[in-house]
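Enquirer: how would this look folded up:
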Amino acid sequence: MILEAKKCHNCQSEQIVRNGHNSCGQQRYKCKNCGVTRVLDSVQKSKQIDLEQVFQTYKERNSIRSTGRIFGVSPATIQKWLKKSPIFSQL
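Expert: Numbering: from 1, shown residues only. Sure, this is the predicted structure:
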């Protein structure tokens, strides 16, 4: 069994202890030196979405809402992506 020394992200101390779980079930840690409590090994699930496909779907006259349903993201996210793209400014 290999033990890995975990460090505090705030003060780089190795004096951390387990401090329960968050609402997602991830282990939380508390630093004894600075008192910061956080998840050290955060795992965020992100989708790998090709933005070119999103833009192409929108240009084919799909609504923002239907484009969001197709790719499984919220319409607000689709709007944010479209506003940042140079393709949207040309429309």
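Enquirer: Where does pLDDT dip in the protein?
Expert: 1-3, 44-46, 87-91 (pLDDT under 70).
Enquirer: Tell me which stretches of it form helices.
Expert: Along the chain, counting by DSSP state H, helices occupy 51-59, 64-71, 75-84, 86-90.
Enquirer: want to throw these into JSON lines with distance to Arg18?
Expert: For every residue, glycine as well, the C-beta is placed using N, CA and C. Below are those laid out as JSON lines (distance: least, Cβ to Cβ, whole Å):
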{"stretch": "helix 51-59", "distance to Arg18": "39"}
{"stretch": "helix 64-71", "distance to Arg18": "38"}
{"stretch": "helix 75-84", "distance to Arg18": "34"}
{"stretch": "helix 86-90", "distance to Arg18": "47"}
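Enquirer: Nearest to Lys6 among those helices would be which one?
Expert: With Cβ to Cβ as the measure, helix 75-84 is the member of the helices of the chain nearest Lys6 (32.9 Å).
Enquirer: Tell me how this structure divides into domains.
Expert: Per the record, the chain has its domains at 7-41, 51-90, by automatic domain parsing.
Enquirer: For Lys30, which of the helices of the chain is the nearest?
Expert: helix 75-84 (33.5 Å).
Enquirer: before we move on, the earlier item: is it possible to export the domains of the chain to a markdown table including mean neighbour count?
Expert: A markdown table is the format used below for those (neighbours: other Cβ atoms under 10 Å):
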| stretch | mean neighbour count |
| --- | --- |
| domain 7-41 | 13 |
| domain 51-90 | 14 |
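Enquirer: State the distance from the residue nearest to Val39 when sequence neighbours are not counted to Ala76.
Expert: Excluding the flanking residues, the one nearest Val39 by Cβ to Cβ, 6 or more residues apart in numbering is Gln26, at 4.8 Å. From Gln26 across to Ala76, the span is 26 Å (Cβ to Cβ, to the nearest Å).
Enquirer: next one: Cys31
Expert: Distance, Cys31 to Ala76, by Cβ to Cβ: 35 Å.
Enquirer: what do you get for Val17?
Expert: 39 Å.
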